[in-house]
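# Just to be clear, the model below is a prediction. Sequence and coordinates:
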Amino acid sequence: MLRRMPPTQAWQPDILGPHFEQLTLALEPDAEGPVVATLVRFVQHPHLDLRRGVAHGANILYVHGWSDYFFQTELAEFWHAAGARFYAIDLRKYGRSLRPGQTPGYITELSDYDEDIAAALAVLGTDRPLIMMGHSTGGLTLGLWAARHVGVARALVLNSPWLEFQGRELGRAALTPVVALQARYDPQRTLPPVDFGFYTRAISKRFEGEWEYDHAWRPEHGFPVHPGWLRAVLAGHARIELGLGLQTPVLTLLSAKDTLLPRWNPLMLTTDSVLDVEVVAQRALRLGDTVTVVRLEGALHDVMLSAAPVRAKALQQITRWVRGYLA
C-alpha cells in the first residue's frame, strides 16, 4: 500500500491568476532526490449555486499529457459552471512539480503515478463523486489506473488519449524488444528526437496558435525521450490492446482526422498532428463495457486547445454525456 505523505505547505496563489491556487504534495524520493506533485484548484465563486449544474456535487481531477502541464483555464471554468469542484495535477517532474536536477517527465512504470493520484485524492476526499479527465499520456495513465482502482472514479473523460503507438501494433511489436534492451542497460539515454515542433506551431501564440504558456514546461520539441520511459508507455499500450474491462463509463474525445507528416502542413492547424486517431478510436473500445467515442471536425491533438467553435462543441458533448450517464 502506498504511504500518503502530507502536503508540504498550505494552498498558495497559482501562476494562472486569482481564481487558481496550488498545493505541493510530497512524494517518496527517487534516485534523483526529493519528488513532488502539485495540485491546482479553481477557487469557487461565492455567488454561484453549484447545485444547479449538470455535474453538481462532483470532484474533477484533470491529468495532463507528455511534455505538458495544466494551463487550460477555460476547462476549469466549464466544470466550475457545471457545478463541480475542479482540480488538476502536475505530475512528478512536470510543470510546477519539476525540480532542478530532475529528468523532465521521466518515469519507468506508469503505475508509479498511482502515488501522485493517491496524494491528490487524499486532499479531495471521498464525499463527492469523482470524474477523472486525462489528456494524451494522461489518458493512458488514467485508463490503466482505473483498472487497478475499481470503483474509485465514477467516470472517465479522455481527451485524445495515447492508447496505441503511432506505428500501430506491428510497429510497437517491432520496437518493444529494442527499447527494452536499451532500457535495461541505459534507461536514461537520450533517444533521437521525434517531435518536429509542428504541434507547438499549431497551438502556441508565438507561432500560429492562440495560446500562451510556459515554453520551459512545454518545450517546442517536447522533452527528450528516454528508453526507460518509452518502455513504460509501450507496456501500457500492450495492456490496452488486451482490454481493460472497465465498468466505469468512458467518454473519449478525438479529432476527426490526423495529419502525421515529417514536414509542416497547414492541415495541422485543424487536425491531430500527434496521434493516429483511427487506431486510438479503435483502442478506446477496448477500455470497457460502456465507451462513447466522439470525433470532432477541426480538433487539434488537445481538443481543448482547438479553435473556439470546436471547443464549444466538445464541451457540449461533455455536458450531454454527463447528463446522460451521471445525472
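Received it, and whenever you're ready, just let me know what you need.

# And the helices in the stretch 151-300 of the chain, which stretches?
In the stretch 151-300 of the chain, the segments counted as helices under DSSP state H, counting those that start in this stretch are 168-185, 198-203, 227-242, 277-284.

# need the ones you listed in TSV with mean neighbour count and distance to residue 144, can you?
(Glycine included, C-beta is placed from N, CA and C.) TSV is the format used below for the helices of the stretch 151-300 of the chain (neighbours: other Cβ atoms under 10 Å; distance: least, Cβ to Cβ, whole Å):
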stretch	mean neighbour count	distance to residue 144
helix 168-185	14	16
helix 198-203	22	24
helix 227-242	19	6
helix 277-284	20	12
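
# Can you say which of those helices is nearest to residue 24?
Closest of the helices of the stretch 151-300 of the chain to residue 24 is helix 227-242, at 23.3 Å (criterion: Cβ to Cβ).

# Counting by contacts, list what the helix-or-strand element of the chain with minimal mean pLDDT packs against.
Least confident helix or strand of the chain, by mean pLDDT, DSSP states H and E, is helix 168-185 with a mean of 87. For helix 168-185, the packing partners by 3 or more Cβ pairs under 8 Å, 6 or more residues apart in numbering; DSSP states H and E come out as helix 227-242.

# got the contact list for the residue lying closest to residue 116 once chain neighbours are set aside?
Spatial nearest neighbour of residue 116, chain neighbours left out: residue 37 (4.1 Å); criterion: Cβ to Cβ, 6 or more residues apart in numbering. Residue 37 makes contact with 24, 25, 27, 89, 90, 91, 92, 97, 116, 119, 120, according to Cβ atoms under 8 Å, 6 or more residues apart in numbering.

# please redo it, this time with the cut-off set to 10 Å
7, 23-27, 89-97, 113, 115-120 (Cβ atoms under 10 Å, 6 or more residues apart in numbering).

# Show me where the stretch 201-327 of the chain dips below the pLDDT cut-off.
Counting by pLDDT under 70, the stretch 201-327 of the chain shows low-confidence ranges at 327.

# can you pull out the strands in it?
250-255, 291-296 (DSSP state E, counting those that start in this stretch).

# what's the most buried one of those strands?
Neighbour counts (mean count of other Cβ atoms under 10 Å) averaged over each of these peak at strand 250-255, with a mean of 26.

# partners of that one, with directions?
strand 155-159 (parallel), strand 291-296 (parallel) (DSSP bridges).

# Just want the angle from that strand to helix 277-284.
180 degrees (axes from the mean of the first three to the mean of the last three Cα atoms, to 10 degrees).

# about what we covered before: now the helices of the stretch 151-300 of the chain as a markdown table including distance to residue 306?
Formatted as a markdown table, those follow (distance: least, Cβ to Cβ, whole Å):
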| stretch | distance to residue 306 |
| --- | --- |
| helix 168-185 | 25 |
| helix 198-203 | 9 |
| helix 227-242 | 24 |
| helix 277-284 | 13 |
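
# Of all the ones you listed, which one is nearest residue 221?
Residue 221 lies closest to helix 198-203 among the helices of the stretch 151-300 of the chain, at 7.5 Å (Cβ to Cβ).

# what's the offset of that closest one from the middle of its chain?
How far helix 198-203 lies from its chain's middle: 18 Å, per Cα atoms, centre = their mean, to the nearest Å.

# and it, what does it pack onto?
For helix 198-203, there is no helix or strand it packs on, judged by 3 or more Cβ pairs under 10 Å, 6 or more residues apart in numbering; DSSP states H and E.

# which other residues reach it?
67, 206-211, 213, 215, 218-222, 259-274, 300-302, 305-306.

# follow-up on the earlier one: now the strands of the stretch 201-327 of the chain as TSV including distance to residue 243?
What follows is these, written out as TSV (distance: least, Cβ to Cβ, whole Å):
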stretch	distance to residue 243
strand 250-255	13
strand 291-296	11
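
# Quick check: which of the ones you listed is nearest to residue 280?
Closest approach to residue 280 among the strands of the stretch 201-327 of the chain (Cβ to Cβ): strand 250-255, 6.1 Å.
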